[in-house]
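**Student:** Structure here, sequence nowhere to be found:
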C-alpha cells in the first residue's frame, strides 16, 4: 500500500478547521449588547449590575488597561430552535492562541447569581438543553480589560504593567456576541477526530495501530457531507467507533489527570485582579463539575479561597458545596504557592500552618501533599518543614525547566539537610497546564524515567492564569483515552489517590539528597531589592513582635495580639508568592508591595513598642533597658531578654590612623583593617589567630558591575555569559573618616559610575570581630548587575549557606555540569567558608543571591572569592526595576566558625533595642547550648495561653541541651507545626525536671514545644 499518511492528515486538518468545527454551531443570531465602564477600580456586583448601559456593537473598541466594563447581552430564542440545545457565544475580543494573560469575564444572571467565566478557549454559556422558542435571554458580564503585558516581541519593555503608566487606550474590540444552536453530535465528532488525529503521529509508522487509525479517519471523512455536516456527523462517528473502542495495552502508562488552573497570586496582573481570576475560574470549574460526573478539580493556595470567601461569597458557596462532595479538592496545604529559597525558617513553616489550618477550619480537610508546580527551585531545608506540618508528599514540575541537566527521576525520595525524606513526584507531562493533547500524553509516557519499576504519573490539566481552568473538551478527550490502544490510560483522580497508588507501586524509589536547584531563573534572588528587604525585615519584626508580646502577656498580663499577628503573617506570606518575592511581577505589584511592607513594619514596630514598654518598668527615671531579640547572648544581655543598663564606661579600644603610603588603618584589637587609597580593603588581619583574611594582591569590598541582558526572562534570568565582561569600580570620589572614637571607627567611601552613585561606610566596633559594611546605592543603570566581591585567602572545596533551620553545603569547584550550573545561589543570613580550625563568614541583612568561585595562585595558595549580589536592572516586566536609592548592610567576620556565622547572621538582622525603663526582663526560655537556636517564642494560636517554643540544631551535629523556663508550666508536649501533639517520631524533650527540659536533637532537627500553663 502506498504511504498516504501526509495526504490523509492534511485532509483531516482542513476539514476539521473549515467544516466540522464551524458546524458545532450551525445556526446563530446576534445578541444586543450594552456596556458600562467603571471609572476606576472594580465595583461591587450590585453596582455593576445596576449601572446604566450604552449600546455597543461587535467590532467596537472597549476597555482601557486594567479597566472593568459591565456588559449586558439580551435576545430571544428563535421559535424554530425549540427543543434544541442553545448557548450564548460571548467573545470579548479574545486571542485564542493565548489561553490566559488577556481579557476575561464572569457571567451573571439578572439576580446576581454567577454562571461561569468566559475565557479565550471557553466562550460559551449554556442557555437551555431543550430551548423554548421565544424565550428571552438576559445575561450580564463583568469584563476585565487586562492588557497583554507578555506580548510580541516577548520580554519587550512596556508601561502596561502599572495602571499609573498604562494609559487609557482601549485594549480590545468586541467580537462575537451571539445566541447559537449547539450541535452535540458534531461536537462529539470533533473530540473523536482530535483524539485520533493527535494520537496518530505519536505512534510508530511501522506499527499496525497507526494505519488502523488512519484508515478509520479516512472512512469517517468520506462519510461526511461537507454541505451537511450536522446530518452526517453520526455516520462519521460510527466509522471511528471501532478504533476508539480498542483497549490499551496492559503495560500502558497510567496518568492520573486532575483538573487544575495554576493561578499566580500576582504576576502580570496586580493582587486585586487575582481575586477576580480565582472567582471566574472557580465559577467555571463548579459549573463543569455539575455536568461531568467523572471530573475532579484541585486548587491550591488557601489565600485564594479566602479571597473569594471575602469578595465573592456567592462563588465561594458553590466551592464549599463541591468540596463537601469530594470533587473540588483543596490541595497543597500552604497559604500561597510560595518561593521556597528565600523565605526564612519561620515564614516557611507558617506557610503550612496558615494554609493547612484554613483548609481544616473551612472544609475539615487535612492536606497530605505539598503542591508547588511552578516554584523556582526548592531549598534543602524544606523536607523537614513539610513533614513537621503533617504532610508527606510533594508535587512540582518546575525542575523540568532546567537548562543544563535533566533530572534523573520523576518519582523519588527527596532528602533534606536533617535526613527527612519526602515522597516526591515530577509529572513527566512537563507542564502544569496540560490540555489533553495527544502529544502531551505521549510525551508523559515516553518521558517517564521510572519505567520498569513504576507506571503512574500525574497530569495537572487546564488553562491557568486567567485561562479558565479545565474545559469540557479536555474532559471529553480524557474519557476517550481512558482505555485506548496506543495511548496512556487517563483517569480523573484526586492528588491523594494518585500519591497513594504511586507510593504503593514504588515504595523504594531512588533518593535525591539536598536542594532541588532550578538551573534557570537565578536572577530572582536579586531582582526588586526593596521587595526582598521588606520580606526580610518583616520576618524579623514578626519574630520580635511574637517574642515580646508573649513575654509581656506572661509577665504582665498584656493582651496578646492574636488577630493582628494572624493578619500580618498572612500578608507577609502572601508576598512570598513565587512571583512577588522573587521580583518577577509587574511594576504595580512591587509598588504596592513596598507600601504594604512599610505598613507592616509600622504596625509591628508599634506592637513591639507596646510590649517592651509594659516590660521595661518605670520610664521616668532616665534609665534604659536594652532588649535582645536574637537567640544568643549579646553585650551581656541574654537571648530573648532585656537588661537595665548600669552606669559605666562603654568598651573602647578602636583606633584609625593614616598609613605612610596612603590609605587608612582601622584597629580594635581583634581585627586590623586596611582601607587603601582606592577605598578598597586589601587587608583584614585576624589579630587573635594572626591570620590574613584577604588573598594576596587582591582587595575586598570590590564593587563589580556586569552587563546583564539574558536571552529570555529578563527579571528572572542571569545567564552565565554575564561574567565574560566586568568593570571593577576602583575610582573613589571621597574617602573620609566619619567616626573616630574608642567605641567605633568608620570610614566613608563614595564612588560614581554610569548614572549612579554609591556611598559605603566601613565600621570597626569595639569588642567585635567583624567589619561592618553599610552601602547606599543611588541606582540608575539599566540591564546591569552589581556585585560586591570578597577574595579570601582560604582553601576549601565547599562552603555553607544558611537555609531554613540550618545550612547546606555547596561545592566551590565546577567538576561536573551540575556544579557548574550553580553559578548563582541563595543564602539567608550568611555564607561560611573554612579550612580546618579557621573560617570566614559573610553575613547579610537583606540580600539573597551570591556566587563563590576559586582559583589557585602562582604561590599555590587558593583564592576563594565570595560575591554578594546587590542590584539588577532588567526592563521586563517592570521597565524601571530597582531604579532609585537602596541601602544594604553586610559584615565580614574573620576567624568565624559555623556557630559564629549563625550568631552574626542573627545579630545583623535583629539589632538591639533601647527603651526607657529600669527593670531587667528575664527570658521566657534559656538554653545552655548556643548550637541550639530558638526560632520562635509565642503564645499558642488556640488562645489557650500556652507558650510555644520552636528551636533547632544549627551547627549540623548532634546536640544535648538544657532548656530552662522562667514561668510555671504544668505539662510539656512535642508538637507539629500546627501546635498539635505528635508522637515519639519527632525527637524533643527527653526529660523534664522542675523548670528544666533536657533536649536531644539530631543534626538540624527542629522541634516545636508546647508548654501548658496553669489555667
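**Tutor:** Okay, I see it. All figures in this text were calculated on a predicted structure; none of them were measured in a lab.
**Student:** Quick one: end-to-end length of stretch 398-409, please.
**Tutor:** By C-alpha to C-alpha, to the nearest Å, the extent of stretch 398-409 from end to end equals 13 Å.
**Student:** can you pull the buried residues of it?
**Tutor:** For stretch 398-409, the neighbour count (16 or more other C-beta atoms under 10 Å) marks 398, 399, 400, 402, 409 as buried. C-beta here means a position set from N, CA and C on the backbone, and glycine is covered the same way.
**Student:** out of these, who's nearest residue 344?
**Tutor:** Nearest to residue 344, judged by C-beta to C-beta, of the buried residues of stretch 398-409 is residue 398 at 21.2 Å.
**Student:** Show the contacting residues for the closest one.
**Tutor:** Listed by C-beta atoms under 8 Å, 6 or more residues apart in numbering, the contact set of residue 398 reads 372, 373, 374, 375, 376, 377, 518.
**Student:** What is the nearest of those residues to residue 590?
**Tutor:** residue 376 (16.8 Å).
**Student:** quick one, what contacts the closest one?
**Tutor:** 339, 341, 398, 518, 520, 521, 524, 578, 582, 716.
**Student:** average model confidence for stretch 928-948?
**Tutor:** If you average the pLDDT over stretch 928-948, you get 98.
**Student:** how about that stretch: buried residues?
**Tutor:** Quick answer for stretch 928-948 (16+ other C-beta under 10 Å): 929-941, 946-948.
**Student:** What is the helix or strand in which residue 211 is found packed up against?
**Tutor:** Per DSSP states H and E: residue 211 is located in helix 208-223. With contacts defined as 3 or more C-beta pairs under 8 Å, 6 or more residues apart in numbering; DSSP states H and E, helix 208-223 has these neighbours: helix 5-15, helix 184-199, helix 229-245.
**Student:** Please point out which parts of the last one sit buried.
**Tutor:** Within helix 229-245, the residues that count as buried by 16+ other C-beta under 10 Å are 229, 230, 232, 233, 236, 237, 239, 240, 243, 244.
**Student:** From residue 982, how far off is the second one?
**Tutor:** To residue 982, residue 230 is 63 Å away according to C-beta to C-beta, to the nearest Å.
**Student:** what's the answer for the fifth one, then?
**Tutor:** To residue 982, residue 236 is 61 Å away according to C-beta to C-beta.
**Student:** Quickly check the contacts of residue 376 for the two that are furthest apart.
**Tutor:** 339 and 520, at 13.9 Å, using C-beta to C-beta across those.
**Student:** which one of these two has more residues nearby?
**Tutor:** Just comparing residue 339 and residue 520: by other C-beta atoms under 10 Å the higher neighbour count belongs to residue 339, 29 against 23.
**Student:** Wait, that one touches residue 584, no?
**Tutor:** No. Counting by C-beta atoms under 8 Å, residue 339 stays clear of residue 584, with 9.8 Å between them.
**Student:** and for the two, which residues touch both?
**Tutor:** residue 524.
**Student:** can the helices and strands packed on helix 208-223 go into JSON lines with extra columns for distance to residue 280 and mean pLDDT?
**Tutor:** Listed next are these as JSON lines, based on distance: least, C-beta to C-beta, whole Å; pLDDT from 0 to 100:
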{"stretch": "helix 5-15", "distance to residue 280": "32", "mean pLDDT": "97"}
{"stretch": "helix 184-199", "distance to residue 280": "23", "mean pLDDT": "98"}
{"stretch": "helix 229-245", "distance to residue 280": "32", "mean pLDDT": "98"}
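**Student:** if we compare those helices, which one ends up closest to residue 837?
**Tutor:** The nearest among the helices and strands packed on helix 208-223, by C-beta to C-beta, is helix 184-199 at 64.1 Å.
**Student:** What residues sit buried inside that closest one?
**Tutor:** 185-199.
**Student:** Name the nearest of those relative to residue 479.
**Tutor:** Using C-beta to C-beta, the buried residues of helix 184-199 come closest to residue 479 at residue 191, 8.4 Å.
**Student:** Run through the residues that contact the closest one.
**Tutor:** Counting by C-beta under 8 Å, 6+ apart, the residues that residue 191 touches are 473, 476, 477, 480.
**Student:** wait, which of the residues you listed is closest to residue 608?
**Tutor:** Distances from residue 608 to those, taken by C-beta to C-beta, are shortest for residue 473, at 55.1 Å.
**Student:** Show me what the host helix or strand of the closest one is packed against.
**Tutor:** Using DSSP H and E, residue 473 falls within helix 472-480. Helix 472-480 sits against helix 184-199, helix 271-291, strand 489-492, with contacts defined as 3+ C-beta pairs under 8 Å, 6+ apart.
**Student:** so the first one versus helix 208-223, what angle?
**Tutor:** With axes from the mean of the first three to the mean of the last three C-alpha atoms, to 10 degrees as the basis, helix 184-199 and helix 208-223 are set at 150 degrees to each other.
**Student:** how far out from the middle of the chain is helix 184-199?
**Tutor:** 38 Å (C-alpha atoms, centre = their mean, to the nearest Å).
**Student:** Now do it against helix 472-480, angle only.
**Tutor:** 70 degrees.
**Student:** Which residue lies nearest the spatial centre of this structure?
**Tutor:** residue 578 (2.2 Å; C-alpha atoms, centre = their mean).
**Student:** Run through the residues that contact that residue.
**Tutor:** Per C-beta under 8 Å, 6+ apart, neighbours of residue 578: 264, 336, 337, 338, 339, 372, 374, 375, 376.
**Student:** ok, the first one - how many residues close by?
**Tutor:** Going back to what we said before, that points to residue 264. 23.
**Student:** where along the stretch 351-500 of the chain do the helices fall?
**Tutor:** 382-388, 438-447, 472-480, 495-505 (DSSP state H, counting those that start in this stretch).
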